[in-house]
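Visitor: Got a predicted structure plus its sequence, pasted below:
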Amino acid sequence: MNNDLERSFERVRRLAQVAGLPETTVGTSYGTPALLVKGKSFVRMKDAQTLVVMCALEEKEMLMELDPSLFFETDHYKGWPAMLVRLASIDDEALTRRLIAAWREKAPRRLASRFDTTKSN
């Protein structure tokens, strides 16, 4: 893994850890570093500047329309519940929100419910 990719992924990993996302592990997806919940990838590095984030299709369309400077897709991701995030353009708070939302997309319902209950207390 090159240094830029490592640095970018370290930021993503650290923010997920600070968010307290349960059952999150580091792995790979399509040969790039990824975060997984219960073995399912919810984010992965596309390259050193771009993160692939799982996202409901309706939310993806809305986010890409609201802020195309942060969120976009290539032809490869059209119609798929994943969007691309420009890591150099997104601040830590917004990235953390995207990580939590992506985690919820892939986490088992019970685990997501427990997380939501813990966070609201």
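Guide: The structure has been received and is ready for your questions. Numbers count the residues shown, from 1 in each chain.

Visitor: my guess is P108 meets K38, correct?
Guide: Yes. Between P108 and K38 there is a contact under C-beta atoms under 8 Å: 6.0 Å. Bear in mind the C-beta positions are built from the backbone N, C-alpha and C, glycine included.

Visitor: Quick one: mean pLDDT over the helix ranked longest in the chain.
Guide: Ranked by number of residues, the top helix in the chain under DSSP state H is helix 3-19. Averaging pLDDT along helix 3-19 yields 96.

Visitor: from the chain's centre, how far out does the host helix or strand of M62 sit?
Guide: Assigned by DSSP states H and E, M62 belongs to helix 57-66. Chain-centre distance of helix 57-66: 15 Å, with C-alpha atoms, centre = their mean, to the nearest Å.

Visitor: Give the buried residues for that helix.
Guide: Neighbour-count burial for helix 57-66 flags K60, L63, M64 (criterion: 16 or more other C-beta atoms under 10 Å).

Visitor: Please enumerate the helices of this protein.
Guide: With DSSP H as the criterion, the chain has helices spanning 3-19, 57-66, 92-106, 109-120.

Visitor: What lies in contact with the first one?
Guide: Judged by C-beta atoms under 8 Å, 6 or more residues apart in numbering, the contacts made with helix 3-19 from elsewhere in the structure are 1, 24, 26, 32-33, 35, 43, 45, 47-49, 51, 87, 92, 95-96, 99-100, 103.

Visitor: 10 Å - rerun?
Guide: The contact list for helix 3-19 (C-beta atoms under 10 Å, 6 or more residues apart in numbering) reads 1-2, 21, 24, 26, 32-35, 37, 42-51, 53, 85, 87-88, 92-93, 95-100, 102-103, 115, 119.

Visitor: go on, the last one?
Guide: Helix 109-120 has contacts (C-beta under 10 Å, 6+ apart) with 19-23, 37-38, 100, 103-108.

Visitor: Then the second one?
Guide: The set of residues that contact helix 57-66 without belonging to it, under C-beta under 10 Å, 6+ apart, is 53-56, 70-73, 77, 79-85, 98, 101, 105.
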